[in-house]
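Engineer: Just need the structure, nothing else, for what follows:
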Amino acid sequence: MQSPKAITVHGQPIAGGKFPLVCIPLIGRTRDDVLAELAMVLPKKPDVLEWRVDFFEQIGDTAAVIAAAAAIKRKAGEIPLLFTRRSVIEGGEKIALNEDQVIALYVALCESRAIDLIDYEMANDAANIARVRAAAQSNDIKLVLSFHNFSCTPALETLVSKFLMAEQLGADVAKVAVMPRDPNDVLILLAATQQASQTLKIPLISMSMGPLGSLTRLFGWAFGSALSFAVGASSSAPGQVPIEDLNTVLGILHKAMEDGYSTP
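Structural biologist: From the prediction side, this is the model:
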């Protein structure tokens, strides 16, 4: 198993450095829907919450987005909030904003400090990435730079280069998610995760999606992935498993690996 690189916010490792962290997405269309989802998932004790704002009907109203984010934070207490607009190209919902408007929304959310982490796709223009990075850094928000491919799994070298690119672009966390076509693709993702985790100075998140890829959500941490997404109320990507099932498997695997390492 790789030496864990914990994800931190505000100078402290999330959940005391737990590895891996478990994140539940919120995908409600309205503020009431999001808060209803939140009420359902908080008793399940996630380590991180992700608000997928591309599902939010009022995404074009910056004040409404900030107010909803602040409401989530008030109810979530110490649980960090990751703010994500996933683009259509990388598996997200269609929104009525151009990229300049998205950047303006991101800057406003960072300045509001109603969030703790923010996700932006590294396929965007370098200038836009720099604008998001500057807004995040000046407001003590951690930047996740991500890459998603919902059609296939690129070659091992390509995946490793995506992790490295995120670090080079100034990410605090690198994220790669790809779709497998066969079991060998799952192995490629895990190998890339392991290789990158030995090279990067920052934490990374990786997953293979869909039914085959669900395996990586269960034991990708053993190869260096610091966080796994799980279903609390609704799934935001194919292959996510219920948080109860994920926690059960994580408990079993942690115990088995600890017992194995302690056996002569």
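Engineer: by contact count, what packs against the longest helix along the chain?
Structural biologist: Looking across the chain with DSSP state H, the single longest helix is helix 243-262. Secondary-structure packing of helix 243-262 (3 or more C-beta pairs under 8 Å, 6 or more residues apart in numbering; DSSP states H and E): strand 21-26, helix 210-219, strand 227-231. Every C-beta, even on glycine, is put in place using the N, C-alpha and C of the backbone.
Engineer: Identify the residues contacting the residue lying closest to residue 240 once chain neighbours are set aside.
Structural biologist: Among residues not flanking residue 240 along the chain, residue 231 sits closest, at 4.9 Å (C-beta to C-beta, 6 or more residues apart in numbering). By C-beta atoms under 8 Å, 6 or more residues apart in numbering, the residues touching residue 231 are 24, 240-243.
Engineer: now with 7 Å?
Structural biologist: Going by C-beta atoms under 7 Å, 6 or more residues apart in numbering, residue 231 touches 240-243.
Engineer: What values do phi and psi take at residue 142?
Structural biologist: With angles defined as degrees, to the nearest 10, residue 142 sits at phi -80, psi 140.
Engineer: Tell me what it is bridged to.
Structural biologist: Beta-bridge partners recorded for residue 142 (DSSP bridges): residue 117.
Engineer: ok, it touching residue 6?
Structural biologist: No: look at residue 142 against residue 6 with C-beta atoms under 7 Å: they stay out of range, at 11.7 Å.
Engineer: Tell me which of those two has more neighbours.
Structural biologist: Regarding residue 142 and residue 6, a neighbour count based on other C-beta atoms under 10 Å identifies residue 142 as having more, with 23 against 16.
Engineer: quick one: the more buried one from residue 174, how far?
Structural biologist: Residue 142 sits at a distance of 12 Å from residue 174 (criterion: C-beta to C-beta, to the nearest Å).
Engineer: Then residue 41?
Structural biologist: Residue 41 sits 26 Å away from residue 174, taking C-beta to C-beta as the criterion.
Engineer: So these two - more neighbours on which side?
Structural biologist: residue 174 (27 against 21).
Engineer: Mind listing the residues bridging to the more buried one?
Structural biologist: In this entry, residue 174 is beta-bridged to residue 145, residue 204, by DSSP bridges.
Engineer: Look at it and report its pLDDT.
Structural biologist: pLDDT, residue 174: 98.
Engineer: Next, the contact list for it, please.
Structural biologist: Counted by C-beta under 7 Å, 6+ apart, residue 174 has contacts 145, 163, 166-167, 200, 202, 204.
Engineer: Using a markdown table, please lay out the helices and strands packed on helix 243-262 together with distance to residue 181 and mean pLDDT.
Structural biologist: Formatted as a markdown table, these follow (distance: least, C-beta to C-beta, whole Å; pLDDT from 0 to 100):
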| stretch | distance to residue 181 | mean pLDDT |
| --- | --- | --- |
| strand 21-26 | 25 | 96 |
| helix 210-219 | 8 | 90 |
| strand 227-231 | 21 | 90 |
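Engineer: Would you mind listing which of the contacts of residue 231 are buried?
Structural biologist: Buried members of the contacts of residue 231, counted by 16 or more other C-beta atoms under 10 Å: 240-241, 243.
Engineer: would you turn the residues you listed into CSV with pLDDT and distance to residue 52?
Structural biologist: What follows is the buried ones among the contacts of residue 231, written out as CSV (pLDDT from 0 to 100; distance: C-beta to C-beta, whole Å):
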residue, pLDDT, distance to residue 52
240, 71, 12
241, 80, 18
243, 85, 16
